[in-house]
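Participant: give the three-dimensional model of this entry:
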Amino acid sequence: MLPWKEIQCWYRMALIWSRIYHPYQTIGQNSIILSIFDFVKTKLNQSTWNRREHFEFFKKFSEPFYHLNMNVECTDGFQIVNANGDSVFAWYLYNAMKAANAVKEFRYRIEDDEVCEYDVIHASPTIGREDGSFGFAQVDYIEDNKIFQSELKKEINRVRELSGLFTAPERPDVCHYSSLPWFSFTGLSHPRNFGDGDSIPKISFGKIFSRDGKSFLPLSVHVHHGLIDGFHVAQFVKKFQHYLSTP
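Facilitator: Modelled structure (predicted):
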């Protein structure tokens, strides 16, 4: 009998194959992709979880989300991206996904009043169109940056050729990302349907600006307090800034 970790590995390979060769194929109301999710997550044992009381406390709130806004220094990485003529959006999205995967609390989701930890989380970013509208995309996290950028370009082109908001099945194993490249913000909030059980982090980026010879990326992180504390957001931001500064 195969060990559970090996079984998970095989299912991940099948998941990647299905997304590459049969993206967003559906049968009735159920996606082939969604049917594989259950094999790449683990239910937390809340009896031994050190944040069980925190979770029980904050999950009762009508609005359990809070947000933090900051400017992340990105001078070295931004210079390299510009020098290479690479996509600034792809650069910071990739590094934000890498940082989110590195902090396990960002991989927690509330499902049926239980807390699950996904092995890997991906991205559902907003993609703008020439007519001023946008659509929600689905972008897999791929460790190889060159392959990631190639797949991201394909997904951007796919969404831009379509109309409407929802261009793919909604998934729980993502973070919601949005980019506001027109201005540098100092605060940001999100429209939300309170009480809908949402526990997905929302991460937003603003226009990069210069100050005292350094470059800064405005960042907003909006998370469920039952799953993520300020300490965990600090871990995410520290890793994100490190990745942005690493060639």
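Participant: tell me the confidence at the residue nearest the centre of the chain?
Facilitator: Nearest to the geometric centre of the chain sits Cys175, at 2.6 Å (C-alpha atoms, centre = their mean). On pLDDT, Cys175 comes in at 97.
Participant: just to check, it is in contact with Tyr108?
Facilitator: No - Cys175 lies out of contact with Tyr108 (C-beta atoms under 8 Å); the separation is 11.5 Å. C-betas here are computed from N, CA, C, even on glycine.
Participant: ok, the residue nearest to Glu105 when sequence neighbours are not counted - contacts?
Facilitator: Counting by C-beta to C-beta, 6 or more residues apart in numbering, the nearest residue to Glu105 once its immediate chain neighbours are dropped is His232, at 4.2 Å. Shown in contact with His232 (C-beta atoms under 8 Å, 6 or more residues apart in numbering): Val103, Glu105, Phe106, Val223.
Participant: tally of neighbours for the closest residue in space to the third one that isn't next to it in sequence?
Facilitator: With sequence-adjacent residues excluded and distances taken as C-beta to C-beta, 6+ apart, Phe106 is closest to Ala100, at 4.3 Å. Applying the criterion other C-beta atoms under 10 Å, we find 25 residues in the vicinity of Ala100.
Participant: next: Val120.
Facilitator: 16.
Participant: on the three-state scheme, it is what?
Facilitator: State at Val120, reduced to three classes by DSSP: H, G, I helix; E, B strand; the rest coil: coil.
Participant: is it true that it touches Met97?
Facilitator: No - at 9.6 Å, Val120 does not count as touching Met97 under the criterion of C-beta under 8 Å.
Participant: okay, and the common contacts of these two?
Facilitator: Residues touching both Val120 and Met97 (C-beta under 8 Å, 6+ apart): Tyr141.
Participant: for the residue nearest to the centre of the chain, what are its contacts?
Facilitator: If you count contacts by C-beta under 8 Å, 6+ apart, Cys175 has them with Ala96, Met97, Ala100, Phe106, Ile121, His122, Ala123, Ser124, Ile200, Pro201, Lys202, Ile203.
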